[in-house]
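Q: what follows is a predicted protein model with its sequence.
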Amino acid sequence: MVHLKNKKIAFKILNSLNKNKNSLSVTLTGSYSEHFDPLKAGDIDIIIICKKLNKKFFNECISIIKKNKQKYFGDKYKLIINSTFGPIKFYKKNTIVFHLMIYDLKSHINHTINSPFTCYDWERSKVYVGKSLKELSAVYNLQLRDFSEARRSTQEYLKDLSKNKISYGEYNFKNKKIKLKKKYFAIDQLNKRDFIYHIIKFLLINYIKYERQKNLKISKKEIQKKFLEIVKSKFDLSEFNKLILHKTKKEDTSIQEPKKLAKRFLNKFDQYIKKQNAINNIYFSRHKKTKVKKNIFLGQKLNPNIFEKKNNNEFTKIKFDRCFSSPSLRCMKTAKIVAGNKKIITNNLLKEIDYGDAEGLNLKELNQKYPEIIKFWKKALDPSFPKGESLADVNARLKKFIKNKIIFKNVNILIFTHNVVLRCLIGSTYKIKKKEWYKININYFDLLEFISKNGRLISNIDRKKYLNIFKNFY
């Protein structure tokens, strides 16, 4: 049971950190956000997102933590403030550790791109003041490529273990400039045990979240089951369980050769991920730029050609067995650039939205001729264009195409389609509210990778592209 008094204290601490006008969000994460017992929590993890980070704001946050510790926890326990970024843990008797992580908004957005596992876990917390982390920059879901490309990948963990050091980041304030310097922390036996425990535990948790495509709390039983499925060694599972026991009880002992257990697990995990990568890939792309006036509603009636015919290096690296295209000239011409002599299969379900009588108009002209459309949009509704389609109509035919032509087909597929179709794909995949789909930014001739698994599409898009796709949400 959560002690209500302790929960109130937690919110008082968060509110005191959020009083500064520079602050956008203060979030409590980790085990303390679940049971509000500082003696059971390893750290009290607090994430602060501000408009502009400087030394003065940073020091003010540190000062507020010191005052709150004295006010709510007294002199019985010593205070440690860890303001670094990384897996450093401090275990000293009779201490309360605040892990204070401060980002400006730009840094937080970049953090969701580079460290999706960490940020995705933070998003589960409902203990925050100001805006939620998800509102400021959402991770949306975990992807297969994150396990090899994200910060704190298996290879980075192996490097740290081989050096007997943990890499972490720390702010350096100098001449009004801020740098996040990479540093290393020498691992003693206790830190090695807990570091290895966290590596294994969170890789398993994140993979289960990826499989389910949900941000859930994962049970100990589920973690053990997945461990055995990947490693296929009851001995290693037994060693991992001992590791959990020593860590949970905060004992000063460990298993014999924990580093060897970690290396065996990480190598097996890498092999497991590579097998998952062997499943079929589905690539979507918007056509190349066309020779039409800017900012008009270009749908199914107008049929312009593309502007230029240069291939993109990204497309030369992929392998595909089938190529589908909308029957429009702009898509067919784009598909031909990539597919070459391969057969291109046209499908009407991939057509751009039918703008009906609004085809060729710009937004101002639409408002003059069909003001009711704009009124519906302002009410967050999804009207059909005059004698045309709505977003729901486009999404329905896209789903039909996916079900009939993609799912359960054990082949790699490349698909060329249109802006609104791809907005429907991204919007529905990432569970974005339909009223916000118009914000989704799709570049011309940009490769968007997905995986077909267990009867559904799962995104596997390069996270650097998120900065462009979701730029209108920040």
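A: Looks like it came in fine.
Q: state the distance from Ile102 to Leu144.
A: Summarising the geometry, the distance separating Ile102 from Leu144, computed by C-beta to C-beta, to the nearest Å, is 31 Å. Any C-beta I mention is one placed from the backbone N, CA and C, and that applies to glycine too.
Q: same check on Arg397?
A: If you measure Arg397 against Leu144 using C-beta to C-beta, the figure is 27 Å.
Q: next: Asp75.
A: As for Asp75, its distance to Leu144 is 50 Å (criterion: C-beta to C-beta).
Q: host element of the nearest residue to Ser132 once chain neighbours are set aside?
A: Spatially, and ignoring its direct neighbours in sequence, Ser132 is nearest to Ser25 (6.9 Å; C-beta to C-beta, 6 or more residues apart in numbering). Here Ser25 sits within strand 23-29, counting by DSSP states H and E.
Q: so what strands line up beside that strand?
A: Strand 23-29 has the following sheet partners, assigned by DSSP bridges: strand 44-50 (antiparallel), strand 128-130 (antiparallel).
Q: contacts for stretch 423-437, please.
A: By C-beta atoms under 8 Å, 6 or more residues apart in numbering, the surrounding residues in contact with stretch 423-437 are 138, 140-141, 284, 380-382, 391-392, 394-395, 398-399, 438, 440, 442, 448, 450, 457, 459, 469, 473.
Q: what is the three-state secondary structure of Ser16?
A: Classification of Ser16 by DSSP: H, G, I helix; E, B strand; the rest coil places it in helix.
Q: for it, which residues are in contact?
A: Taking C-beta under 8 Å, 6+ apart as the test, what Ser16 contacts is 64, 67-68.
Q: read off the pLDDT value for it.
A: Among the per-residue scores, Ser16 shows a pLDDT of 96.
Q: same check, this time on the one 10 residues further on
A: At Val26, the pLDDT value in this model is 97.
Q: could you do Pro371 as well?
A: Predicted confidence (pLDDT) at Pro371: the value is 96.
Q: repeat for Thr429
A: On pLDDT, Thr429 comes in at 95.
Q: try Asn280
A: Among the per-residue scores, Asn280 shows a pLDDT of 86.
Q: quick check: the closest residue to Asn419 other than its chain neighbours vs His418, distance?
A: Distance criterion C-beta to C-beta, 6+ apart; nearest residue to Asn419, sequence neighbours excluded, is Ile442 at 5.3 Å. From Ile442 across to His418, the span is 9 Å (C-beta to C-beta).
Q: list residues touching both of those two?
A: Overlap between the neighbourhoods of Ile442 and His418 consists of Arg286, taking contacts as C-beta under 8 Å, 6+ apart.
Q: tell me which of those two has more neighbours.
A: Comparing Ile442 with His418 by other C-beta atoms under 10 Å, the one with more neighbours is His418, at 23 against 20.
Q: dihedrals phi and psi, the more buried one?
A: phi -120, psi 170 (degrees, to the nearest 10).
Q: could you find the closest non-adjacent residue to it?
A: Here the nearest residue to His418 in space, its sequence neighbours aside, is Glu352; by C-beta to C-beta, 6+ apart that works out to 3.6 Å.
Q: what ranges of this structure fall below the confidence cut-off?
A: Counting by pLDDT under 70, the chain contains low-confidence residues at 1-4, 39, 41, 90-92, 278, 408.
Q: list the buried residues of the helix ranked longest in it.
A: When every helix of the chain is counted residue by residue (DSSP state H), the longest turns out to be helix 189-212. With burial defined by 16 or more other C-beta atoms under 10 Å, the residues of helix 189-212 counted as buried are 190-210.
Q: pull stretch 59-68 out as PDB, backbone CA atoms only.
A: Once side chains and other backbone atoms are set aside, the C-alpha atoms of stretch 59-68 remain, and they are given as PDB (Å, rounded to 0.1, in the frame of the first residue of the first chain):
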ATOM      1  CA  ASN A  59      22.300  25.200  -9.000                       C
ATOM      2  CA  GLU A  60      18.800  26.400  -8.000                       C
ATOM      3  CA  CYS A  61      17.500  22.800  -8.600                       C
ATOM      4  CA  ILE A  62      20.300  21.400  -6.400                       C
ATOM      5  CA  SER A  63      19.600  23.900  -3.700                       C
ATOM      6  CA  ILE A  64      15.800  23.000  -3.700                       C
ATOM      7  CA  ILE A  65      16.600  19.300  -3.300                       C
ATOM      8  CA  LYS A  66      18.900  20.000  -0.300                       C
ATOM      9  CA  LYS A  67      16.200  22.100   1.400                       C
ATOM     10  CA  ASN A  68      13.500  19.400   0.700                       C
END
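Q: for the remainder of this discussion, apply numbering that starts at 6.
A: I'll keep to 6 as the first residue from here, and by that count the last item is stretch 64-73.
Q: just give the number of residues close to Ala143.
A: 19.
Q: for Lys136, see how far away it is.
A: The value you get for Ala143 to Lys136, if C-beta to C-beta is used, is 12 Å.
Q: list the buried residues of stretch 101-115.
A: Judged by neighbour count using 16+ other C-beta under 10 Å, the buried positions of stretch 101-115 are 101-110, 113-114.
Q: next step: the residues you listed restricted to helices.
A: Short answer: the buried residues of stretch 101-115 in helices (DSSP H) are 110, 113-114.
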